[in-house]
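*Asks:* I would like the atomic coordinates for the input below:
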Amino acid sequence: MSIADNIKSLKKETGLNKVTLLAVSKTKPATDLQEAYDAGQRLFGENTVQELVEKYEQLPKDIEWHLIGHLQSNKVKYIAPFISMIQSVDSLKLLHEINKQAEKAGRIIDCLLQIYIADEETKFGLGFDEAIELLRSEEFAQLNNVRIRGLMGIATNTDNEKQINEEYYELKMFFDGIKQSYFRKMDSFDTLSMGMSSDYKLAIEQGSNMVRLGSTIFGSRIIKHWKNN
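*Replies:* Next up, the predicted model:
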């Protein structure tokens, strides 16, 4: 099937569940993104700042770009003028820098707190306790140019569906608790981003309302030829 066919099929599937489809386009050429765009896709997720900036310059300006990879504080300035959402906020230090660069750009930048749920040391993210500590801090309360829209999590890379289900279930419970405790009066806290090509159906079952799909849309990933972030 073509990229356009994949988009059409996935939009139908996710639409039935009221789930937002984020096309993960890392390493893919701009022509592939344009094909997805022509099929109606407007949300694209990239892992590195350099690749994101290059594609932003090449592609239509009504695309909503999401940064989903680990973000270094010194790279925030390059995406602050146009980024729609940063899904990978894993420290108060990073949030400070996003706030600073958003203020310079005259914007409020939407962010998700990335929560560490996987049984893998290579993954980034805040522990449950760390996320609560961040939200309770006086420093966080003073950040006026960032808006926390929800949470993001990456499950363990395993064939064990029971483990994946448990990790996503825990994140959904945590999301509900955080919303109740810190964002009860804010309709903007509405995004639970969990699920990738290998496990998105499990994630949707556990309450995800945004899935990040790459190979399901674009086919298998090519060997990375972009420079490191």
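
*Asks:* What is the subsequent helix or strand relative to the helix or strand of the chain with the lowest mean pLDDT?
*Replies:* Scoring the helices and strands of the chain by mean pLDDT, DSSP states H and E places helix 3-16 at the bottom, with a mean of 94. Using DSSP states H and E, the helix or strand that follows helix 3-16 towards the C-terminus is strand 20-24.

*Asks:* quick check: angle from the helix or strand that that following strand is followed by to strand 20-24?
*Replies:* Going down the chain from strand 20-24, the next helix or strand is helix 30-38, by DSSP H and E. Relative orientation of helix 30-38 and strand 20-24, computed by axes from the mean of the first three to the mean of the last three C-alpha atoms, to 10 degrees: 170 degrees.

*Asks:* Name the residues that touch the next helix or strand after helix 30-38?
*Replies:* Next helix or strand after helix 30-38 toward the C-terminus (DSSP H and E): strand 43-46. Under the contact criterion C-beta atoms under 8 Å, 6 or more residues apart in numbering, strand 43-46 has outside partners 20-26, 33, 36, 52, 55, 63-69, 84, 87, 212. Any C-beta I mention is one placed from the backbone N, CA and C, and that applies to glycine too.

*Asks:* quick revisit: quick one: buried residues of the least confident helix or strand of the chain?
*Replies:* Ile3, Ala4, Asn6, Ile7, Leu10, Glu13, Thr14 (16 or more other C-beta atoms under 10 Å).

*Asks:* cool, and stretch 105-120?
*Replies:* Neighbour counts over stretch 105-120 (16+ other C-beta under 10 Å) mark Ala105, Ile109, Asp110, Cys111, Leu112, Leu113, Gln114, Ile115, Tyr116, Ile117, Ala118 as buried.

*Asks:* do stretch 85-104 as well
*Replies:* Residues of stretch 85-104 classed as buried: 85-92, 94-103 (neighbour count, 16+ other C-beta under 10 Å).

*Asks:* Spatially nearest residue to Leu21, not counting backbone neighbours?
*Replies:* Thr14 (4.9 Å; C-beta to C-beta, 6 or more residues apart in numbering).

*Asks:* which ones are touching that neighbour?
*Replies:* Per C-beta under 8 Å, 6+ apart, neighbours of Thr14: Thr20, Leu21, Ile204, Val211.

*Asks:* any idea how far the second one is from Arg42?
*Replies:* Meaning Leu21. Per C-beta to C-beta, to the nearest Å, Leu21 is found 10 Å from Arg42.

*Asks:* Over to the last one?
*Replies:* Applying C-beta to C-beta, the value for Val211 to Arg42 is 15 Å.

*Asks:* ok, now the first one?
*Replies:* In this view, Thr20 and Arg42 are 10 Å apart by C-beta to C-beta.

*Asks:* Kindly report the same for the third one.
*Replies:* Distance of Ile204 to Arg42, given as C-beta to C-beta: 20 Å.

*Asks:* May I have the secondary structure class of the spatially closest residue to Asp199 that is not a sequence neighbour?
*Replies:* Nearest residue to Asp199 in three dimensions, chain neighbours excluded: Ile164, at 5.2 Å (C-beta to C-beta, 6+ apart). When classified by DSSP: H, G, I helix; E, B strand; the rest coil, Ile164 comes out as helix.

*Asks:* so what's Ile164 up against?
*Replies:* By C-beta under 8 Å, 6+ apart, the contact set of Ile164 is Ala155, Thr156, Thr158, Asp199, Leu202.

*Asks:* From the centre of the chain outward, give me the first residue you hit.
*Replies:* Compute the mean C-alpha point of the chain, and by C-alpha atoms, centre = their mean the closest residue is Gln87, 3.6 Å away.
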